[in-house]
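>>> Structure for this input, please:
(chains A and B)
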Amino acid sequence: MSDSSANEPLAVENSRSQLTVAGVGVQPTPATGRTRRARRGTSWRERLEIAVLSGPAILMFVGFVIFPVVLAAYYGFFKWKGYGKPTDFIGLQNYKTILTDPEFHAALQHNLTIVVLSLLLQGPIAIGLALLLNRKMRGRSLIRVLIFVPYVVSEVIVGTGWSLMLQSNGAVNDVLGKLGLDSLQQDWLSDPSIAIWSLMVIISWKYIGFAVILFMAALQNIPEELYEAASIDGASYWQIQRRITVPLLGPTLRIWAFLSVIGSLQLFDLVYIIWGQYVAGTAGVSTMATYMVQYGRNAGNFGYGSAVAVVLFLISLIIALIYQRFVLRRDTAGAITGGTK
Amino acid sequence: MAATTTDTVPATSPARQRKVTPKSGGWGSPGTYFIALVVVGLMLAPIAYIILGGFRTNSQITNSPGGLPDPWNIDNYTSVLTGSTFWRELGNSTIVALVTSVLVVAFGLMASYVLARYNFRGRGAMYSLFAAGLMFPITVAITPLYIVVRDIGLMNSLGGVILPQVGFGLSTTVIILVPFLRAIPLEIEEAAAIDGTSKIGFFFRMVLPLSLPGVLTTGILAFVGSWNSYILPLFILNDQDSYTLPLGVQAFSSQYSTDTAQVLAFTSLAMIPALIFFSLFERRIVGGLQGAVKG
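Residues are numbered from 1 along each chain as shown, chains lettered A, B, ... in the order given. Alright, predicted model coming up:
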């Protein structure tokens, strides 16, 4: 973990350059260039190769990803306990129930709160940390690794550890008491006005490392000439960050925000592990996914659970499409896929 | 902010401006180290709490929940390590993660090769199909997926977790590997063809070795994803004997909820394989995630 390691390009780019080396001085062919060669048409032999090579992947993907999603849309129209064939067709009744259920409204509201707070909390902190770690200092790559550790630890372990720490007689309140900050002691997990903030702290702690490494990679790709030119023109450190660094972080920032939004809408593991299905509702941290599991599979109502899944998917899809239409459109495809290189 | 701090960094010292960009060697300002230290402390404190808590006794934890082990006590760790539960669940997790990553990489590489190096009608549609998978997180599909797995008779078996994970892992794998395989110069393939190598021969002799870095990256990402996965095993594995580590940690912590020290020992032992794996492959995991987002 020497200092220089952080200066190395990404693994993927790194290996691309190895490929070029292996090509013995041959220029790498652009992706689109490979279609230029006139082909004699797809022979039966090629067809066989295509089928054999792509068959297993398509089979697994369609069978376990596409098919269940389609099934969810189908089951959503039935009242069905999961045994035998669904026969009790009830049309849109499940959807009516979902959209009028105050518990679902609460869950949706929690999801939206988590979406907004994740962006507002993690974004600025992660940019700050990335800028900090991009400065000249010893042990930078070690620090980068340590910040990333929570991201690799599983949700179950994170949830178990944090829920023990945050119990009313847990470590956090104990440490606060020893510091003489008794007034700050809280019922971190069950007080509905605080639980969502506890969840936000845990989420930020767990996922901020991911944002930091993304931003650090983007910072490394900003050409040094820009900084040199700015400093020759007499720009201060903060002016440089504000006028050059942050604007050039734009594409990465927007991609990260997209992933964060989708992740926040689908949030399940941490809430279900720390609060469980029943407490999540009373503590004000239930999400659409915990609602889905609680009233779907755990209640044995597979038709209803599938309908919730469809609603969850549609909400995510709509938000994703809006985001792509109005935010990501500003980036050309090239900017997202490496225009900052 | 910019206005107030402008005068603190005189523009007349170009050398100081260099700290904007990283350079190895040299020391930064003490303030930077202080903030970095605080951040690292905050990130590691919960991890340390879990590991150190395992070395305490329940009475120590009750009397001082946030204290350090005094005296250190290894009974919790030895009792977890001498029991069979931890090892069985470790074994299950290892089998699931290994088989998942091998299958994801094998199937993903084959499909990516077709997408990257063959010209055929429907290629664009096939790529879009896999790319669309990113829009279908497992949470959305889990309810019917449970039915599918039950109907093919794989409930409570590791295969019931492995097969769906392979399906869901393919999107990322294909998206990372296709640009990789496209980058292999066409001239190499032509040269191989002139020497009489078939496309399949080219796949095994040239593509496999050349794409090894990408293969490793996707394999490691699939392994970590599988190792940490929770919702799928939660639905599929209801039998204690088939539990993977995440389910095991949860079951253990509800079963021994009064024995906090033991729960912490079990949790930290469950965390250690992931930490070792991460420290071995840190560069690839980080680079792979960055590459997946960019590429």
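>>> What sits closest to whichever residue of the stretch 51-200 of chain B sits closest to chain A if chain neighbours are left out?
Shortest the stretch 51-200 of chain B-to-chain A distance, computed as Cβ to the nearest Cβ: residue-wise this is residue B:167, at 3.2 Å. In this view, the C-beta of every residue, glycine as well, is placed from N, C-alpha and C. Closest residue to residue B:167 apart from its sequence neighbours, by Cβ to Cβ, 6 or more residues apart in numbering or on different chains: residue A:64 at 3.2 Å.
>>> so where is chain B shaky, pLDDT-wise?
In the predicted model, chain B carries pLDDT under 70 at residues B:1-28, B:291-295.
>>> Spatially central residue for it, please.
For chain B, residue B:224 is the residue whose C-alpha lies nearest the centre (Cα atoms, centre = their mean; 2.6 Å).
>>> that older thread, hmm, residue B:166 and the residue nearest to residue B:167 touching each other?
Yes: here residue A:64 lies in contact with residue B:166, judged by Cβ atoms under 8 Å, at a distance of 7.3 Å.
>>> of these two, who's got more company?
residue B:166 (29 against 21; other Cβ atoms under 10 Å in any protein chain shown).
>>> So that one, which state does it fall into?
Of the three states, residue B:166 takes helix under DSSP: H, G, I helix; E, B strand; the rest coil.
>>> which residues touch it?
A:60, A:64, B:100, B:103, B:104, B:107 (Cβ atoms under 8 Å, 6 or more residues apart in numbering or on different chains).
>>> Show the model's pLDDT score for the second one.
Pointing back at residue A:64 there. The score at residue A:64 is 90. That number is its pLDDT.
>>> So it, which state does it fall into?
Under three-state DSSP, residue A:64 comes out as helix.
>>> Quick check: the gap between it and residue B:142.
Using Cβ to Cβ, to the nearest Å, residue A:64 is found at 11 Å from residue B:142.
>>> again, but for residue A:326
30 Å.
>>> who's more crowded, the two?
Shown here are residue A:326 and residue B:142; by other Cβ under 10 Å, residue B:142 has more neighbours (26 against 9).
>>> From the chain's centroid, how far away is the strand or helix carrying the more buried one?
In this assignment (DSSP states H and E), residue B:142 forms part of helix B:138-151. Relative to the chain's own centre, helix B:138-151 is displaced by 22 Å; criterion: Cα atoms, centre = their mean, to the nearest Å.
>>> So that helix, near chain A or not?
Yes: Helix B:138-151 reaches chain A (Cβ under 8 Å from any Cβ of the partner chain) through B:139, B:140, B:141, B:142, B:143, B:144, B:145, B:146, B:147, B:148.
>>> Next, format those residues as a markdown table and append distance to residue A:178.
Formatted as a markdown table, the residues of helix B:138-151 next to chain A follow (distance: Cβ to Cβ, whole Å):
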| residue | distance to residue A:178 |
| --- | --- |
| B:139 | 40 |
| B:140 | 45 |
| B:141 | 47 |
| B:142 | 43 |
| B:143 | 47 |
| B:144 | 51 |
| B:145 | 48 |
| B:146 | 47 |
| B:147 | 52 |
| B:148 | 53 |
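>>> Show the buried residues in the residues you listed.
B:139, B:140, B:141, B:142, B:143, B:144, B:145, B:146, B:147, B:148 (16 or more other Cβ atoms under 10 Å in any protein chain shown).
>>> and the closest residue to residue A:57 other than its chain neighbours, what does it touch?
Among residues not flanking residue A:57 along the chain, residue B:111 sits closest, at 3.6 Å (Cβ to Cβ, 6+ apart). Counting by Cβ under 8 Å, 6+ apart, residue B:111 touches A:53, A:54, A:56, A:57, A:58, B:126, B:130, B:170, B:174.
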